[in-house]
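Asker: sequence and computational prediction follow.
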Amino acid sequence: MKLLNPKTIIFLDFDGPLSSFRNTIASDNFLSFDPIAIRFLNTVCNLTGAKIVCTSTRSALHSQELHDEAKQLFHDAGLNLDHLHHEWSVNVTGCHNRKQNILDFLEKYPEIERYVIIDDEHVDLPHLVHVCENEGILSDHMYQICETVGITVRDIRQFNHDKRKSLTP
């Protein structure tokens, strides 16, 4: 059961939403990502065909080395790298530019029909799911994200059920 729409983008700030204070104090790595949030994003992308674009100021990656390091962080956390948009990092040089960077990206790709912004900073655009930097992505945020990209939590449960069923001999 796939509701694929490859014209969906998840604009993701990873400092806060994925690497929250809650998550970093529970791990030995400052930039460790919340495994539940990663699994959730993988499932949303699997269901919708959405692609992820990083909008973190840390993703203002000006060198190939930093690009590779960020991709490795995602890979190590369990994110399917196929879910990253081919232009997966917008050049954000500060929170005040985030809105304009997102607008520029949407203008560059007019075929995008849906998007959601997941951020711990206030971005004055529609479809923002504002998370707390201390807590990261919580279940209430997951409901908002699902609604914004056109799926329900029931769709996710069914997808996960079908996936488990297909893995059983």
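Answerer: In hand now; what should we look at?

Asker: can you map out the strands along this structure?
Answerer: 8-12, 51-54, 84-89, 114-119, 128-130 (DSSP state E).

Asker: can you tell me which of those strands has the worst average pLDDT?
Answerer: Here the lowest mean pLDDT among the strands of the chain goes to strand 84-89, at a mean of 87.

Asker: parallel or antiparallel, list what pairs with it.
Answerer: strand 51-54 (parallel) (DSSP bridges).

Asker: quick one: buried residues of the helix or strand of the chain with the lowest mean pLDDT?
Answerer: Within the chain, no helix or strand scores below helix 21-25, which has a mean of 76 by mean pLDDT, DSSP states H and E. Residues of helix 21-25 classed as buried by neighbour count (16 or more other C-beta atoms under 10 Å): Asn23, Thr24. All C-beta spots, glycine's among them, are computed from the backbone N, C-alpha and C.

Asker: pull the distance from that helix to the chain's centre.
Answerer: 18 Å (C-alpha atoms, centre = their mean, to the nearest Å).

Asker: count of neighbours near Glu133?
Answerer: Using other C-beta atoms under 10 Å, Glu133 has 16 neighbouring residues.

Asker: I meant to write Ile36 there.
Answerer: Neighbour tally, Ile36, other C-beta under 10 Å: 14.

Asker: how about the nearest residue to it once chain neighbours are set aside, what does it touch?
Answerer: Sequence neighbours aside, Ile137 is the residue nearest to Ile36 in space, at 7.9 Å (criterion: C-beta to C-beta, 6 or more residues apart in numbering). Ile137 sits next to Pro17, Leu18, Ser20, Asp34, Ile36, Ala37, Phe40, Ile118, Val131, Ile145 when contact means C-beta atoms under 8 Å, 6 or more residues apart in numbering.
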